[in-house]
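*Asks:* Show me how the following folds:
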Amino acid sequence: MREMTFFRAARISLPLRLIAAVALTACACHVAAMGRQPASKPATGQSQIEPEAMLIKTLIEIRNNRLDVALAEVEKVVQNYPNFRLAQLIKGDLLLARSRPLRGLGEAPNAPRDRIDDLRDEARVRLARYQFERPADRVPRYLLQLNPEQKHALIVDTRQSTLYVFEHHDGVLQYVADYYIASGKNGTDKTKNGDRKTPLGVYHVTDNLPRKKLGALYGSGAFPISYPNELDRREGRNGNGIWLHGTPSDTYSRPPRSSDGCVALTNEDLDAIGKNLRVGVTPVIITEGIDWVTPDALESSRRSLLQSVENWRRDWESLNTESYLKHYAPGFSSGEQDLAAWSQQKRQVNSGKSWIKLKIARISAFLYPGRNDLAVVTFDQNYASSNLTNQMTKRQYWINEKGAWRILYEGGA
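*Replies:* Reported below is the predicted structural model:
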């Protein structure tokens with residue numbers, strides 16, 4: 001998260017009961033005003049503020065019963081971001097508190113309950129994000145290896161409503177920033193078109209759609225991702241149109257569970273991450289909760305998987321077809337070919353060759369979220385033999401069975 005001295009110190013000591021306390025302390029708004037104010041940026045001469053940080057500071061002041069200070073803080077947010085509905089809600093509660101005690105969040109007369117419930121969820125999630133202290137000495141277990149062109153990787157944690165950006169710098173993963181996000185109305189693990197769920201898996205950015213090509217719903221732009229991927233299709237998942245995108249101009253941010261399956265960010269945040277996204281290159285890993293591991297543990301997993309890839313390459317190059325085929329899992333498939341058909345074809349093809357040279361480069365490797373036994377590896381393959389040469393980008397899904405990595409799927413990327 002963007003560095004803020006106050007919150008780097010405050011959120012560590014912030015008591016966990018604050019999340020529940022806020023729901024019992026303050027917030028209700030002139031709902032009629034919510035959603036009708038245009039998007040705004042700070043006026044000339046004003047300093048840019050970090051709206052989420054100022055909002056959290058407001059809630060802390062409410063918890064400490066310093067309501068005048070809280071009102072002054074939230075006024076800064078509303079002045080600069082009048083379309084920030086949660087900030088408007090809190091401001092309304094604080095104004096209402098001048099005339100009567102408040103028993104809970106969202107007490108404005110005639111306030112739509114569903115909208116207030118959404119904003120309560122957003123307040124809870126934003127507080128929880130600040131409660132969580134990212135382990136500075138650990139990294140997500142999924143990012144085993146990025147290829148040289150993959151300068152950045154995104155990890156979306158739907159449980160914490162957070163998108164993390166990591167940078168690949170001289171072979172070392174470095175945390176860059178994290179952002180609040182909204183995801184599917186009906187949760188995660190998308191299986192079919194229209195289920196309003198966000199998929200879980202390893203994907204990459206497939207396009208960059210500017211604002212002028214989109215409707216107002218998507219805000220400043222959209223980055224489609226590669227759902228359904230090869231594993232999704234193999235396991236019968238369908239649907240399409242999963243994007244990273246912004247918000248309408250009258251909405252600063254959306255509630256944490258409010259999309260039809262996409263990952264929605266504020267327009268500011270989408271613009272910030274968009275500068276580093278490359279079509280066909282940048283990986284996007286979507287998970288429900290992140291497993292954080294030490295760099296040493298990550299390196300051990302990386303070595304184990306990539307050694308298996310190298311053994312596969314070497315055995316194919318050696319023309320020892322039976323050793324080569326041992327690298328494939330019993331449940332293997334490639335298109336319409338199962339392991340038996342694949343094995344028959346490889347034996348036939350290799351019998352007509354006197355030599356093979358196989359080089360692989362630009363390898364990326366990711367462990368699959370929610371699975372301890374699955375990884376996806378992508379690389380450039382340069383194949384030459386006594387009667388054929390070709391080059392391609394290949395993708396393999398590897399499964400760990402009884403301590404050994406074997407190929408579950410193989411095909412072009």
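
*Asks:* Only C-alpha atoms from now on, for both contacts and neighbour counts.
*Replies:* OK.

*Asks:* where exactly do the helices run in the stretch 101-250 of the chain?
*Replies:* For the stretch 101-250 of the chain, the helices defined by DSSP state H, counting those that start in this stretch cover 113-131, 230-234.

*Asks:* could you dump the longest one to PDB, C-alpha only?
*Replies:* What that stands for is helix 113-131. The C-alpha coordinates for helix 113-131 follow below in PDB (Å, rounded to 0.1, in the frame of the first residue of the first chain):
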ATOM      1  CA  ARG A 113     -31.000  -0.800   3.400                       C
ATOM      2  CA  ASP A 114     -29.200  -2.700   0.600                       C
ATOM      3  CA  ARG A 115     -27.000   0.300  -0.100                       C
ATOM      4  CA  ILE A 116     -26.200   0.900   3.500                       C
ATOM      5  CA  ASP A 117     -25.300  -2.800   4.000                       C
ATOM      6  CA  ASP A 118     -22.900  -2.500   1.000                       C
ATOM      7  CA  LEU A 119     -21.200   0.500   2.500                       C
ATOM      8  CA  ARG A 120     -21.000  -1.200   5.900                       C
ATOM      9  CA  ASP A 121     -19.200  -4.100   4.200                       C
ATOM     10  CA  GLU A 122     -16.800  -1.600   2.500                       C
ATOM     11  CA  ALA A 123     -16.000   0.000   5.800                       C
ATOM     12  CA  ARG A 124     -15.400  -3.300   7.400                       C
ATOM     13  CA  VAL A 125     -13.100  -4.500   4.500                       C
ATOM     14  CA  ARG A 126     -11.100  -1.300   4.400                       C
ATOM     15  CA  LEU A 127     -10.500  -1.500   8.100                       C
ATOM     16  CA  ALA A 128      -9.500  -5.200   7.800                       C
ATOM     17  CA  ARG A 129      -7.000  -4.200   5.100                       C
ATOM     18  CA  TYR A 130      -5.300  -1.900   7.500                       C
ATOM     19  CA  GLN A 131      -5.400  -4.400  10.200                       C
END
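
*Asks:* For it, buried residues please.
*Replies:* 116, 118-131 (16 or more other CA atoms under 10 Å).

*Asks:* re the thing from before, what's the closest of the helices of the stretch 101-250 of the chain to residue 61?
*Replies:* Nearest of the helices of the stretch 101-250 of the chain to residue 61, taken as CA to CA: helix 113-131 at 13.1 Å.

*Asks:* Tell me which other helices or strands that closest one touches.
*Replies:* helix 5-13, helix 17-23, helix 51-63, helix 85-96 (3 or more CA pairs under 8 Å, 6 or more residues apart in numbering; DSSP states H and E).

*Asks:* Could you list the low-pLDDT ranges of the stretch 1-150 of the chain?
*Replies:* 1-49, 102-112 (pLDDT under 70).

*Asks:* one more time with 90
*Replies:* 1-53, 56-57, 59-67, 89-117, 120, 123, 127-128, 130-133 (pLDDT under 90).

*Asks:* what's the average pLDDT for the lengthiest helix in the chain?
*Replies:* Of all the segments of type helix in the chain, defined by DSSP state H, the longest one is helix 295-317. Mean per-residue pLDDT for helix 295-317: 97.

*Asks:* List the contacts of the spatially most central residue of the chain.
*Replies:* The residue lying closest to the centre of the chain (CA atoms, centre = their mean) is residue 156, at 1.8 Å. Listed by CA atoms under 8 Å, 6 or more residues apart in numbering, the contact set of residue 156 reads 162, 163, 164, 284, 285, 286, 287.

*Asks:* Kindly recompute the last result at 6 Å.
*Replies:* 162, 163, 286 (CA atoms under 6 Å, 6 or more residues apart in numbering).

*Asks:* Can you tell me which of the residues you listed is nearest residue 308?
*Replies:* residue 286 (25.3 Å).

*Asks:* Local confidence estimate at the closest one?
*Replies:* 98.

*Asks:* What is the helix or strand hosting it packed up against?
*Replies:* Using DSSP states H and E, residue 286 maps to strand 283-287. The contact analysis (3 or more CA pairs under 6 Å, 6 or more residues apart in numbering; DSSP states H and E) places strand 283-287 against strand 152-157, strand 201-204.

*Asks:* List the strands paired with that strand, with their directions.
*Replies:* strand 152-157 (parallel), strand 201-204 (antiparallel) (DSSP bridges).

*Asks:* Run the chain-centre distance for the last one.
*Replies:* Using CA atoms, centre = their mean, to the nearest Å, the distance from the centre of strand 201-204 to the centre of the chain it belongs to is 9 Å.

*Asks:* Look up which residues are beta-bridged to the residue nearest to the centre of the chain.
*Replies:* Where residue 156 sits in a bridge, its partners, by DSSP bridges, are residue 163, residue 286.

*Asks:* burial of the closest residue to residue 237 other than its chain neighbours, as a residue count?
*Replies:* Nearest-residue entry for residue 237: residue 191, 4.5 Å, with adjacent residues in sequence omitted and distances by CA to CA, 6 or more residues apart in numbering. Neighbour count of residue 191, defined by other CA atoms under 10 Å: 20.

*Asks:* Repeat that for residue 356.
*Replies:* Residue 356 has 18 neighbours, counted by other CA under 10 Å.

*Asks:* Over to residue 219?
*Replies:* 25.

*Asks:* ok so, going back, redo the contacts of residue 156 as TSV? Include distance to residue 99 and neighbour count.
*Replies:* Shown next, in TSV, are the contacts of residue 156 (distance: CA to CA, whole Å; neighbours: other CA atoms under 10 Å):
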residue	distance to residue 99	neighbour count
162	37	24
163	40	24
286	46	25
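
*Asks:* if we can go back for a sec, ok, which of the helices of the stretch 101-250 of the chain comes nearest residue 317?
*Replies:* helix 230-234 (25.8 Å).

*Asks:* So what's the gap between the closest one and the chain middle?
*Replies:* 19 Å.

*Asks:* How about that helix, which residues are buried there?
*Replies:* 230, 231, 232.

*Asks:* what's the answer for stretch 203-217, then?
*Replies:* 203, 204, 205, 206, 207, 208, 209, 211.
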